[in-house]
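Student: structure of the sequence below:
(2 chains)
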Amino acid sequence: MTHPLTYDIAHLLAGGMVLVSFMLLYQDRMHGLLNVFALHAVILALSVSWEGWVQHSPHLFITALIALVVKAITIPLALHRIVRRLDIHRSVETVVGIGPTMLAGMGLVALSTALMLRVTATADALARQDLAFALSVVLLGLLMMVSRRNAISQVVGLMSIENGLILAAAGAKGMPLVVEISIAFSVLVAFIVIGIFLFRIRERFDTVDVQALDRFRGDQR
Amino acid sequence: MILPDMNAVTQFGAVGAVLIIPLVAVFILAALPGYRLTSVLNVFASLLTFVSAISLFFGRPQPAQLLFIDDLNVVFIVLNTLVGLTTSIFSASYIAHELETGRLTPTYLRFYHAMYQAMMFGMNLALLANNIGLLWVAVELATLTTVMMVGIYRTHEALEAAWKYFILGSVGIALALFGTILVYVAAEPVIGEGLDAMTWTVLIQRAVKFDPALLNVAFVFLLLGYGTKVGLAPVHAWLPDAHAEGPTPISAVLSGLLLNVALYAVLRFKMLMTANEAAIAPGPMMVTMGLSSLVFAALMLYRRRDIKRLFAYSSIEHMGIITFAFGMGGPLANFAGLLHMTMHSLTKSAIFFAVGNVAQAKGTQKIADIRGLTESHPVLGWGLLAGVVAIAGLPPLGIFMSEFLVVTSTFARQPLLAIPLVLGLLTALGALVWRITGIAFGTPEGQVAPVKASYVPMFTHLALVLGAGLYLPPAVVTWFQHVAHLLG
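Tutor: I've put the predicted structure just below:
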């Protein structure tokens, strides 16, 4: 059943996601960041559909479609709009420089590969490598969230984490549909929440830089 | 997958009612105008949910694929709906004042009541879920609704708190999902593909054969993920802000209920770990996180200037004690943990009811500006004092008994661990006594407005806590002993 090419294509796509996660780390323009995130979601959709093909589970195609429509098209478009409306053409503020961040990212990928390959020795080969890549994507997303100050880039980091989780869920053989749909759904809900928040933040602070929020720490009143 | 879901719900009767009532109420409350009517309906829906939850004690359906009820979650669900009910009563009498002061508008109030029921639905669903994926979805739903509630005042502080809560909560939830997927990957070779490999009742029976290495990694993710929502140090940072800046009824529900729901998820996975002998013991990890939360929060109590933040840190402290007790394991410590959880929920929500009144009467949350409460507002002042005496763990109230049990069971088994435990408890006691004497006694200062909200919920909770401290009914003791045994 597992033709070597099957494995290679799955590997290529999942590895592509990790690569794009790295690209997210070094984007310094808002629009560039959003475009790369759309690419991330497109590769996720391809990867999930390939898993659906290999595992003969049609419900994964629905998951892939949701990823494509919502995360690769709708959300990036909406965020582009927000960025334009709020007039943030500025570059993305980073807490740590790009170089150290990339090095830390490499360390995280090495760590997750070493960990996941060791503990999943008994699991299916396809699931193994998917889990290793998925954990890398999740950790890179976390790294992005801690190394950025801007609210929108934190949200993009969060969504790239969710992409990694869907990759893991798709790789787990025959994982029930309930979970995947609900993930997609909750991402949508989460996005609405975020949208409201961004507007409120704009209304109150005239900026989406979360550092502005930090000035209003409650205990120092 | 939606279809069997609905089927299961309708067949379930009382279990279904606990879920359907809040769900229907969400839509009704969102549609109806007028805050007086909706706040009464909110109470009514909570009452119906509570009655259905009580009926779960008598007659219990067979576990279905998505929902089930057993001796463990029935305790949580009854506590959840009880505090949900009393908080809705408090909220109904409290929220009108927020409208008068202009902190909320009628539209926001409508939204508030709908969200309240959505949150109750999310929490009840999490407690009743028999599927670890559904459990996760429900916890996420409860998180999202509470984020909205925390940010509802739209002040700088409220937005900052909601944003922080949202980001940290989402990261925690993401880690928990990764753990959930790993549990499925561990279960799939043994149970086979499909829903069964995520059904808790099936998982626990077959856990012996799961790959221990995968389970170990999964539990670390689950503990960190759901632990964020429990408010355990070092992933507690969202908790004080969220408690301080949201409406007070929401602070009461957060402390009294949401933290318990997340803890429930941790307990379920702990049971799974215990069932597999080759996997590492989950206890020591929980003991470490619990103890560090306790000691950390006890020290932080001294530096609080905001009264709601003070009690938020006290919640971290108590969740630490509870996690510690469950981490110790064994019949006695589990019993103590369960009792402490129940008592903490009741006491802490009573305290937040009092604090809400204090903040409205004095027009401030700053501890330094609140003085001589027993003189200016005798009933409120003594009520708050009673609540703090209870939460500090002084006899004869319920928390004294549960803390005493935690300490004695620790001394019996791990005397060395008992030293930091007792030191942490005493440190917290000192901080609370120091703060409350300033608040309750002395010469009243500043604004002295009459109290508008009802005292009934606060004194109901305090009476229950006092009653449990003096005499715990044998039926409850037997029940808790049985559950403690289940927890292993």
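
Student: is A:Ser153 in contact with A:His31, as I believe?
Tutor: No. In this structure, A:Ser153 is not within contact of A:His31 by CB atoms under 8 Å, at 11.9 Å. (Each C-beta comes from the backbone N, C-alpha and C, glycine too.)

Student: where does the residue of chain A found nearest chain B fall, phi/psi-wise?
Tutor: Evaluated by CB to the nearest CB, chain A has A:Gly174 as its residue closest to chain B, separated by 2.8 Å. Main-chain dihedrals, A:Gly174, degrees, to the nearest 10: phi 70, psi 20.

Student: excluding its backbone neighbours, what's nearest it?
Tutor: B:Glu193 (2.8 Å; CB to CB, 6 or more residues apart in numbering or on different chains).

Student: which stretches of chain A form helices?
Tutor: In chain A, the helices defined using DSSP state H lie at A:4-26, A:30-55, A:59-66, A:75-85, A:98-119, A:125-147, A:151-171, A:177-205, A:210-214.

Student: need the winner for burial among the ones you listed.
Tutor: Highest mean neighbour count among the helices of chain A (mean count of other CB atoms under 10 Å in any protein chain shown): helix A:151-171, with a mean of 26.

Student: just the CA atoms of it, as CSV, please.
Tutor: What follows is helix A:151-171, C-alpha atoms only, in CSV (Å, rounded to 0.1, in the frame of the first residue of the first chain):
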residue,chain,number,x,y,z
ALA,A,151,-0.9,42.1,17.3
ILE,A,152,-1.5,40.9,13.7
SER,A,153,1.7,39.0,13.5
GLN,A,154,0.9,37.3,16.8
VAL,A,155,-2.5,36.3,15.4
VAL,A,156,-0.7,34.9,12.3
GLY,A,157,1.6,33.0,14.5
LEU,A,158,-1.4,31.5,16.3
MET,A,159,-3.0,30.5,13.1
SER,A,160,0.2,28.8,11.9
ILE,A,161,0.1,26.8,15.1
GLU,A,162,-3.4,25.7,14.3
ASN,A,163,-2.2,24.7,10.8
GLY,A,164,0.4,22.5,12.4
LEU,A,165,-2.2,20.9,14.6
ILE,A,166,-4.4,20.2,11.6
LEU,A,167,-1.4,18.6,9.9
ALA,A,168,-0.9,16.4,12.9
ALA,A,169,-4.6,15.5,13.0
ALA,A,170,-4.7,14.6,9.3
GLY,A,171,-1.6,12.4,9.7
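
Student: so it versus helix A:98-119, what angle?
Tutor: Taking axes from the mean of the first three to the mean of the last three CA atoms, to 10 degrees, one finds that helix A:151-171 is oriented at 20 degrees with respect to helix A:98-119.

Student: any residue of helix A:151-171 up close to chain B?
Tutor: Yes. Counting by CB under 8 Å from any CB of the partner chain, chain B has neighbours in helix A:151-171: A:Ala151, A:Gln154, A:Leu158, A:Ile161, A:Glu162, A:Leu165, A:Ala168, A:Ala169.

Student: so that helix versus helix A:75-85, what angle?
Tutor: Angle between the axes of helix A:151-171 and helix A:75-85 is 180 degrees (criterion: the same axes, to 10 degrees).

Student: give me the distance from helix A:151-171 to the chain's centre.
Tutor: How far helix A:151-171 lies from its chain's middle: 3 Å, per CA atoms, centre = their mean, to the nearest Å.

Student: repeat for stretch A:94-110
Tutor: The answer for stretch A:94-110 is 16 Å, by CA atoms, centre = their mean.

Student: likewise stretch B:443-450?
Tutor: 32 Å.

Student: get me the contact residues on the stretch 251-400 of chain B for chain A.
Tutor: B:Arg304, B:Arg305, B:Asp306, B:Arg309, B:Lys366.

Student: can you add pLDDT and give those back as JSON lines?
Tutor: Shown next, in JSON lines, are those (pLDDT from 0 to 100):
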{"residue": "B:Arg304", "pLDDT": "87"}
{"residue": "B:Arg305", "pLDDT": "87"}
{"residue": "B:Asp306", "pLDDT": "90"}
{"residue": "B:Arg309", "pLDDT": "92"}
{"residue": "B:Lys366", "pLDDT": "86"}
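
Student: would you reformat those as TSV and include secondary structure?
Tutor: Shown next, in TSV, are these (DSSP: H, G, I helix; E, B strand; the rest coil):
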residue	secondary structure
B:Arg304	coil
B:Arg305	coil
B:Asp306	strand
B:Arg309	helix
B:Lys366	strand
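
Student: OK, contacts around the most centrally placed residue in chain A?
Tutor: With distances taken as CA atoms, centre = their mean, A:Ser160 lies nearest the centre of chain A, 0.8 Å away. Counting by CB atoms under 8 Å, 6 or more residues apart in numbering or on different chains, A:Ser160 makes contact with A:Ser21, A:Leu24, A:Phe37, A:His40, A:Val137, A:Leu140, A:Gly141, A:Met144.

Student: of those residues, which is the nearest to B:Ser293?
Tutor: A:Gly141 (26.4 Å; CB to CB).

Student: so what's that closest one closest to, chain neighbours aside?
Tutor: Counting by CB to CB, 6+ apart, A:Gly141 lies nearest to A:Ile161, which is 3.6 Å off, once chain neighbours are set aside.

Student: show me what contacts the one you found?
Tutor: Counting by CB under 8 Å, 6+ apart, A:Ile161 touches A:Val137, A:Val138, A:Gly141, A:Leu142, A:Met145, B:Val171, B:Ala174.

Student: now swap in B:Pro22 and tell me
Tutor: By CB under 8 Å, 6+ apart, B:Pro22 lies in contact with B:Ala45, B:Thr49, B:Gln117, B:Ala118, B:Met120, B:Phe121, B:Asn124.

Student: tell me which of those is nearest to chain A?
Tutor: Using CB to the nearest CB, the contacts of B:Pro22 come closest to chain A at B:Ala118, 10.9 Å.

Student: my read: the closest one touches B:Thr143, true?
Tutor: No. B:Ala118 is not in contact with B:Thr143 according to CB under 8 Å; the separation is 11.4 Å.

Student: can you name the residue of the stretch 351-488 of chain B nearest to chain A?
Tutor: Counting by CB to the nearest CB, the stretch 351-488 of chain B gets nearest to chain A through B:Lys366 (7.3 Å).

Student: nope, chain B is what I meant
Tutor: For chain B, CB to the nearest CB, closest residue to chain A: B:Glu193, 2.8 Å.

Student: helix, strand, or coil at that residue?
Tutor: coil.

Student: quick one: neighbours of A:Val70, just the number.
Tutor: By other CB atoms under 10 Å in any protein chain shown, the residues close to A:Val70 number 18.
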